[in-house]
Structures are given as structure tokens and as C-alpha cells.
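[1] Mind folding the following:
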Amino acid sequence: MKVTNTGVNEEMIRQGLAWVFTRYCDRPICQEWKALEAEARKARRGLWSMPNAVPPWEFRRRTR
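    Residues are numbered from 1 along each chain as shown. Have a look, this model is predicted:
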């Protein structure tokens, strides 16, 4: 099985272990990633099982 960066990204998003950073995600694959994130949110997997999960870009902004 060949593992690609895209495959790793997809799996992390699918499992609810990563956000899609939509600000810079303008490639066609981003639409798939957004759909995977929506599925993970709906299923309350990973990050989405926590009531107050904070995206890393917001966390960094708060701690400056």
C-alpha cells in the first residue's frame, strides 16, 4: 500500500484528528476534505467529541 501525504491528511480528517484550514485550502481536494470533516463532526469523532475544541490558529492567536 502506497501512503501519500494526501492520504494521511484525509485519514486524519476522517478520524476527527485535524481541521481543514480553509483559509489557504483552495485546491480541488479541499472540497473532499471539507466533506470528510463534516462527516467527522456529525459522528462526533476525535476533536468533535469535545464540546469546546479550539482550532490551532485560534489557540495561537489567544496565547500571544
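[2] in stretch 47-64, what's buried?
    Residues Leu47, Trp48 are the ones in stretch 47-64 that count as buried (16 or more other Cβ atoms under 10 Å). All C-beta atoms are positioned from the backbone trio N, CA, C, and that covers glycine.
[3] Identify all contacting residues around it.
    Gly16, Leu17, Ala18, Trp19, Phe21, Arg23, Ala40, Arg41 (Cβ atoms under 8 Å, 6 or more residues apart in numbering).
[4] One more: stretch 12-22?
    Against stretch 12-22 from outside (Cβ under 8 Å, 6+ apart): 9, 30, 33-34, 36-37, 39-41, 43-49, 55-57.
[5] how far is that stretch from where the chain is centred?
    In terms of Cα atoms, centre = their mean, to the nearest Å, the centre of stretch 12-22 is found 2 Å from the chain centre.
[6] Name the single longest helix found in this structure.
    helix 29-43 (DSSP state H).
[7] Enumerate the positions of that one that are buried.
    Under 16+ other Cβ under 10 Å, the buried positions of helix 29-43 are Trp33, Leu36, Glu37, Ala40.
[8] Alpha carbons only: can I get that helix in PDB?
    C-alpha atoms of helix 29-43 as PDB (Å, rounded to 0.1, in the frame of the first residue of the first chain):
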ATOM      1  CA  ILE A  29      -9.100  18.200  -2.900                       C
ATOM      2  CA  CYS A  30     -10.200  20.700  -0.300                       C
ATOM      3  CA  GLN A  31     -13.800  20.000  -1.100                       C
ATOM      4  CA  GLU A  32     -13.400  16.400  -0.300                       C
ATOM      5  CA  TRP A  33     -11.600  17.200   2.900                       C
ATOM      6  CA  LYS A  34     -14.400  19.600   4.000                       C
ATOM      7  CA  ALA A  35     -16.900  16.800   3.400                       C
ATOM      8  CA  LEU A  36     -14.800  14.400   5.500                       C
ATOM      9  CA  GLU A  37     -14.600  17.000   8.300                       C
ATOM     10  CA  ALA A  38     -18.400  17.400   8.200                       C
ATOM     11  CA  GLU A  39     -18.800  13.600   8.500                       C
ATOM     12  CA  ALA A  40     -16.400  13.500  11.400                       C
ATOM     13  CA  ARG A  41     -18.200  16.400  13.100                       C
ATOM     14  CA  LYS A  42     -21.600  14.700  12.600                       C
ATOM     15  CA  ALA A  43     -20.300  11.400  14.000                       C
END
